[in-house]
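J.: no sequence for this one, just the structure:
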């Protein structure tokens, strides 16, 4: 799945994240991001209105639940269906606060 960087998942999903990026993936460095409309601490909003993750380029990122996030798709190069919905149907104000 190709993330369309709408920010929805990183605001609304409960997921285990790395607390301190300098320490990487370690048992004592994992915390729960509770979602509930609050952005993940690693999420950054770009001037363009898209979102990006501050830890996507870390060598250990592939070990995180965020990397493993996906949908039931036919092809890994399919765009995120939720992202398509939110970007095409709803305004940014309705996606996240």
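T.: Sure, I can see it. Since the structure is predicted, the reported quantities are computational estimates derived from the model, not experimental observations.

J.: thinking residue 64 is in contact with residue 18, fair?
T.: Yes - here residue 64 reaches residue 18: they are 6.5 Å apart, a contact under CB atoms under 8 Å. (Each C-beta comes from the backbone N, C-alpha and C, glycine too.)

J.: mutual contacts of those two, please.
T.: 25, 55 (CB atoms under 8 Å, 6 or more residues apart in numbering).

J.: which residues in this structure form helices?
T.: Counting by DSSP state H, the chain has helices at residues 8-12, 65-68, 81-89, 92-95.

J.: which residues sit against the second one?
T.: The one in question is helix 65-68. Against helix 65-68 from outside (CB under 8 Å, 6+ apart): 10, 15-17, 53, 61.

J.: same question, the first one
T.: The list of residues contacting helix 8-12 from outside it, by CB under 8 Å, 6+ apart, reads 35-40, 42-43, 51, 53, 66, 69, 82-83, 86, 95-97.

J.: which of those residues count as buried?
T.: 39-40, 42-43, 51, 53, 66, 82-83, 86, 95-96 (16 or more other CB atoms under 10 Å).

J.: I'd like those as TSV, with distance to residue 2 and pLDDT appended.
T.: Below are those laid out as TSV (distance: CB to CB, whole Å; pLDDT from 0 to 100):
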residue	distance to residue 2	pLDDT
39	21	93
40	19	95
42	19	96
43	18	94
51	14	89
53	14	92
66	14	87
82	12	86
83	8	88
86	14	84
95	17	52
96	20	51
